[in-house]
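Q: Got a predicted structure plus its sequence, pasted below:
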Amino acid sequence: MATVLVTGANRGLGFEFVRQYAAAGWHVIACARRPPAATALAALAQASGGRVVIEPLDVLDHAGVDAAARRLEAQAIDVLLHCAGTMGRGSTRETGFPTNRFGELDYEDWDTIFRVNVAGPMKVTEAFVAHVARSTQKKIVALSSNLGSIASIRTGGIYAYRGSKAALNAVMKALAIDLARKHGIIVATVHPGWVHTDMGGPRADIDAPESVAGLVKVIDGLDAGKAGRFWRYDGTELPW
């Protein structure tokens, strides 16, 4: 049975990944910052027949990440899936975008956004790389955004989130080179589309099941030739 570890599994796209991978018969390690508060995830795990296991993990708590890796030391992980992310305090369900404007920026919030969206995936990758290396599929995938594509910028604003996703793309591109050489691991970055979630808001283009179904196909199809690249949920490639 293949195994996937999903960060940010308590809501949004992370939760939908857990649901779809479990339905497909995968063993799912669903990571959440506060498992007691993740009631929907707990219900999904209870109904999964043991396929879903909830693991406490906060990407901002690096000691906790290392502890989780030790607890799972014997577990091979076929797909390490970075879903935990934030748009910061300025994002709302109503608008889906940060409300901070140039001249009114909250730099403490910037620090949190970059720590979650960039340093978080890097730290989790460092902690779990050996688990992925001894698996069959050997894949590491991070959810990014087309807002992180510098070549695609046509509007201004959304500075911190946009910058964090561009940084994440650069980090994942570099990891794709290093981890392929050392471990034969396939690393890629994916864009889920603008999705109806707490982060994406109600004006988004698509719903979570459609986005994740497409992303699962993209992940299934990853190979060495597709590593180190930026893929949209529909299978098309995005420029950096």
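A: Thanks, I have it. Residues are numbered from 1 along each chain as shown.

Q: tell me the phi and psi of the most centrally placed residue in the chain?
A: Centroid check for the chain by C-alpha atoms, centre = their mean gives residue 83 as the closest residue, at 2.2 Å. With angles defined as degrees, to the nearest 10, residue 83 sits at phi -110, psi -20.

Q: who's in contact with it?
A: The contact partners of residue 83, by C-beta atoms under 8 Å, 6 or more residues apart in numbering, come to 6-9, 12-14, 17, 143. All C-beta spots, glycine's among them, are computed from the backbone N, C-alpha and C.

Q: Please report how far it lies from residue 143.
A: 5 Å (C-beta to C-beta, to the nearest Å).

Q: Between the two, which contacts overlap?
A: residue 13.

Q: can you list the weak-confidence ranges in this protein?
A: Within the chain, the segments meeting pLDDT under 70 span 90-100, 195-204.

Q: can you pull out the helices in it?
A: Along the chain, the segments classed as helices by DSSP state H run 12-23, 39-46, 62-71, 107-114, 120-133, 159-183, 208-220.

Q: Relative to residue 33, which of the ones you listed is closest?
A: Shortest distance between residue 33 and the helices of the chain, using C-beta to C-beta, is found for helix 62-71: 9.3 Å.

Q: if we can go back for a sec, just say which of the helices of the chain is most tucked in.
A: helix 12-23 (a mean of 23; mean count of other C-beta atoms under 10 Å).

Q: Could you tell me the angle between it and helix 208-220?
A: 70 degrees (axes from the mean of the first three to the mean of the last three C-alpha atoms, to 10 degrees).

Q: ok, back up a step: redo the contacts of residue 83 as a markdown table? Include distance to residue 77.
A: Shown next, in a markdown table, are the contacts of residue 83 (distance: C-beta to C-beta, whole Å):
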| residue | distance to residue 77 |
| --- | --- |
| 6 | 10 |
| 7 | 12 |
| 8 | 16 |
| 9 | 14 |
| 12 | 21 |
| 13 | 19 |
| 14 | 15 |
| 17 | 14 |
| 143 | 17 |
